[in-house]
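> missing the sequence, but the structure's below:
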């Protein structure tokens, strides 16, 4: 079987599932809004498989993500909007258009390639009637990633800190403002000031060429690993976590950290 034939088979399966008479009752009633959350979930499961280097499981996760696109294509075709062929053609045309150094002029240098890439993206944004330096940054992105993209766009037009040190100064200012709001503890003000801290942290990550989402995923994994190990230490004493004091938990936590360092 070829990739083309397997894709045709998948498209045909979706047609069958969506058939209003003989299809699956669940699939028949789905729409763009109901499927969208699954798309985000499947994308994160792909990232999770890559992070864990689960090469055997990755094809299955990528298939689940591909199914989302097939789903949207079928629903759009039913409504007379577009089909899978349109999706594939548009992205293929875009890749050729954005890579003239590969498909047209091989003499372009790195600077020329970047300039053409950004110019083409700008033309595409204008075609979608998206105007302004921040146009086209998707609202549905994870918040930290969206913050980094927004500040990156602003930096292109010169609205940026000169270096990471200046961002750290700004971070200190934001933390001080948050600390001041703790006295009144107004939820709306706390949310606003805490958001400023996170936004500034995203800017700091960008200046240091770090991915804030990747950094937080790493921190989450580290916390889970250390907590699980600490939990095992507690259980080895014959106690449950509920029977253990915070002081004892902290001692176990520090033991785990020391073990990791060694």
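Perfect, I can see it now. Every value quoted in this text rests on a predicted model; they were computed, and no experiment measured them. Residues are numbered from 1 along each chain as shown.
> what does stretch 85-97 contact?
69, 73, 103, 120, 124 (CB atoms under 8 Å, 6 or more residues apart in numbering). Just so you know, the C-beta spots here come from the backbone N, C-alpha and C atoms, and that holds for glycine as well.
> burial count for the residue nearest to the second one when sequence neighbours are not counted?
This means residue 73. Distance criterion CB to CB, 6 or more residues apart in numbering; nearest residue to residue 73, sequence neighbours excluded, is residue 84 at 3.8 Å. Counted by other CB atoms under 10 Å, the residues lying close to residue 84 total 19.
> before we move on, what about the one 5 residues further on?
Residue 89 is flanked by 12 other residues according to other CB under 10 Å.
> what does residue 145 give?
For residue 145, the count of nearby residues is 16 (other CB under 10 Å).
> Now the strand or helix carrying it: buried residues?
For residue 145, the host element (DSSP states H and E) is helix 143-156. Judged by neighbour count (16 or more other CB atoms under 10 Å), helix 143-156 contains these buried residues: 144, 145, 146, 147, 148, 149, 150, 151, 153.
> which other helices and strands contact the very next helix or strand once past it?
Per DSSP H and E, the first helix or strand lying C-terminal to helix 143-156 is helix 164-181. Here helix 164-181 touches helix 187-207, going by 3 or more CB pairs under 8 Å, 6 or more residues apart in numbering; DSSP states H and E.
> Which residues does the helix it packs on contact?
The contact list for helix 187-207, computed with CB under 8 Å, 6+ apart, reads 143-144, 147-148, 151-152, 155, 161, 163-164, 167-168, 170-171, 174-175, 177-178, 181-182, 211-212, 215.
> what distance separates the longest helix seen in the chain from the middle of the whole chain?
For the chain, the helix with the greatest residue count under DSSP state H is helix 212-236. Here helix 212-236 is found 21 Å from its chain centre; the criterion is CA atoms, centre = their mean, to the nearest Å.
> Report the rounded mean pLDDT for that helix.
Per-residue pLDDT over helix 212-236 has a mean of 93.
> Same check on stretch 147-167?
Here the average pLDDT along stretch 147-167 is 92.
> How about stretch 43-50?
The average pLDDT within stretch 43-50 is 91.
> what's near enough to touch the residue nearest to the spatial centre of the chain?
Closest to where the C-alpha atoms of the chain average out (CA atoms, centre = their mean) is residue 142, at 5.4 Å. For residue 142, the contact set (CB under 8 Å, 6+ apart) comprises residue 213.
> which regions of this protein lie under the pLDDT threshold?
105-113, 125-126, 128-130 (pLDDT under 70).
> Domains in it, by residue range?
Domain segmentation of the chain under automatic domain parsing yields 3-98, 148-210, 215-261.
> Report the inter-axis angle for the longest helix of the chain versus helix 187-207.
Interaxial angle, helix 212-236 versus helix 187-207 (axes from the mean of the first three to the mean of the last three CA atoms, to 10 degrees): 110 degrees.
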